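**Student:** here you go, sequence then predicted model.
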Amino acid sequence: MANFRPISVLWIENKVALDVNRGARSFVRAEVNQKVETFFCAHPRGKICTSEVFDRDPMRIDILSLFPETFVSPLNQSIIKRAREQGLVDIVIHDIRDYTHDKHHTADDYPYGGGPGMVLKPEPIFEAAEAVEEQLGVVEIPIILLSPQGRLFSQSVAQELAIRPRLLLICGHYEGLDERVCEHLATDQISIGDYVLSGGELAALVVVDAVVRLIPGVLGSDDSAGSDSHSNGLLEYPQYTRPPVYRGWSVPEVLLSGNHGEIAEWRRRQAILRTAKRRPDLLEKGKICEEERRWILENLLSPK
Ligand code: ADE
C-alpha cells in the first residue's frame, strides 16, 4: 500500500466517486451502491483498490421565508437550476404565513417593553419547522437562522454545510424575531457579513449558492470548486481567455506555453501574491511554505 493514499468519498453520481479531500475535480471510477466511506487509490484518476463507497440521496434544503417569491428567479438560473434538474439538490421554499392561524395571516407583533418596529412571532416559525421535520421524518436537521448576529459565513462554513444531507434555513425579517426562535429552535446562526439586510432571504441565497456548488457532481468536470478563491485559503489566480492580445494587453506568455508544470507553478505564485496584496489576513491561514513566504516578500518589495 506504500504508494496509495486514503481518500474520503462523499458520494457517487453516474458511477463517479468523488474525493472530498481534493475537491470535486479529482475523482476515481467506482461501482454504484458499494457501502462504507473510505477507499484507497494510487492516483486521483487511478483504480480503486479497496472499493468501499456509499451512495446518497440528493441534498435537501428547506427554507422558511415570509417572501418566498424572492427565491424564484435565483434558484432557476445557471448552476443551481442545473443541480436541481440533475437531482443533486432539492430546494423547497415554505411560506411562513401558511403557518399562521388568523384570517389576516399575521406573522409579526409589537415588541414587549415597547420600542420601534415589529417582531416576528414564534408560533408560525416553530410550526413551519416542525412541519418540515415531520415531512422529512427526521429530527436532527441543522436549523440555521440567517441573522446579522450569527457566526460569519465563509468558504469553510460552506464546506461544513455541504456535507450535511439536509439543511433548514430560517429567514428573519422586519426589525426582529422573537428570541425563543434563536434559543429553542435554531441550532446555528449565520451572518453573511457585518451589515444589516432587510431580511434573511438574500443571505439564504448566498449560503445556498455557495453550498450547492460544492456538492459533488454540481460543477462539471471542466469547472472545479477546488480552484475557487478561498477553497485553499488563497484568492484565485488570474484567468485569461482569447484573444492573446487585446488592446495591446497580452496574456502572460507562460499560459500559452503548454507547459503544465510551469503553468501550475505560475498560478500558485500569482494566487499567493494576489492574496498577500489584497487579503494579507488570509495568508495566516493559507498553507504556504517558507520559500513561498520569502518569494512574497521579495515580490512585494520589488514587484516585477
Ligand atoms: N439578515 C439581516 N442581515 C443579515 C446578515 N448580514 N446576514 C444574515 N442574515 C441577515
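**Tutor:** Structure's in. What do you need?

**Student:** what segments of this protein are strands?
**Tutor:** When assigned using DSSP state E, the strands of the chain occupy the ranges 5-13, 16-19, 27-29, 38-41, 59-65, 89-95, 108-109, 119-120, 143-152, 166-171, 176-177, 188-191, 245-246, 249-250.

**Student:** got the residues of the stretch 51-200 of the chain near the ligand?
**Tutor:** Taking CB under 6 Å from any ligand atom as the criterion, the stretch 51-200 of the chain approaches the ligand at residues 146-148, 172, 191-193, 195-197, 199-200. C-betas here are computed from N, CA, C, even on glycine.

**Student:** all helices of this protein, in order?
**Tutor:** With helices called from DSSP state H, the chain shows them at 78-85, 122-136, 155-162, 179-184, 201-212, 260-278, 280-283, 290-301.

**Student:** hey, least reliable of these by pLDDT?
**Tutor:** For those, the weakest mean pLDDT is recorded on helix 290-301, namely a mean of 84.

**Student:** next, the angle from it to helix 260-278.
**Tutor:** Our comparison of helix 290-301 with helix 260-278, counting by axes from the mean of the first three to the mean of the last three CA atoms, to 10 degrees, yields an angle of 60 degrees.

**Student:** can I get helix 290-301 as PDB, trimmed to CA atoms?
**Tutor:** The C-alpha atoms that make up helix 290-301 are tabulated as PDB, following Å, rounded to 0.1, in the frame of the first residue of the first chain:
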ATOM      1  CA  GLU A 290       9.000  29.100   3.800                       C
ATOM      2  CA  GLU A 291      10.300  29.500   0.300                       C
ATOM      3  CA  GLU A 292       7.000  30.900  -0.900                       C
ATOM      4  CA  ARG A 293       7.000  33.300   2.100                       C
ATOM      5  CA  ARG A 294      10.400  34.700   1.100                       C
ATOM      6  CA  TRP A 295       9.200  35.000  -2.500                       C
ATOM      7  CA  ILE A 296       6.200  37.000  -1.500                       C
ATOM      8  CA  LEU A 297       8.400  39.400   0.500                       C
ATOM      9  CA  GLU A 298      10.800  39.800  -2.500                       C
ATOM     10  CA  ASN A 299       7.900  40.400  -4.900                       C
ATOM     11  CA  LEU A 300       6.000  42.800  -2.700                       C
ATOM     12  CA  LEU A 301       9.200  44.900  -2.100                       C
END
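
**Student:** which helices and strands sit right next to it?
**Tutor:** Using 3 or more CB pairs under 8 Å, 6 or more residues apart in numbering; DSSP states H and E as the contact definition, the elements that helix 290-301 packs against are helix 260-278.

**Student:** in the helix it packs on, what's buried?
**Tutor:** Burial within helix 260-278, assessed by neighbour count using 16 or more other CB atoms under 10 Å, is assigned to 263, 266-267, 270-276.

**Student:** ok, now stretch 77-84?
**Tutor:** For stretch 77-84, the neighbour count (16+ other CB under 10 Å) marks 80, 83-84 as buried.

**Student:** list just the nearest of those residues to S250.
**Tutor:** Using CB to CB, I80 comes nearest to S250 of the buried residues of stretch 77-84, at 35.9 Å.

**Student:** re the thing from before, which one of the buried residues of helix 260-278 is nearest E236?
**Tutor:** Proximity to E236 was ranked across these by CB to CB; first place goes to A271, at 6.3 Å.

**Student:** show me the contacts for that closest one.
**Tutor:** If a contact means CB atoms under 8 Å, 6 or more residues apart in numbering, then A271 has 232, 234-237 as its contacts.

**Student:** tell me how far the closest residue to D95 other than its chain neighbours lies from D188.
**Tutor:** Using CB to CB, 6 or more residues apart in numbering and skipping the chain neighbours, the partner closest in space to D95 is P68 (4.8 Å). For P68, the distance to D188 under the criterion CB to CB, to the nearest Å works out to 22 Å.

**Student:** check contacts around the nearest residue to L161 once chain neighbours are set aside.
**Tutor:** Residue nearest to L161 in three dimensions, not counting chain neighbours: V211, with 4.9 Å by CB to CB, 6+ apart. When the contact criterion is CB under 8 Å, 6+ apart, the partners of V211 are 59, 61, 158, 161-162, 167.
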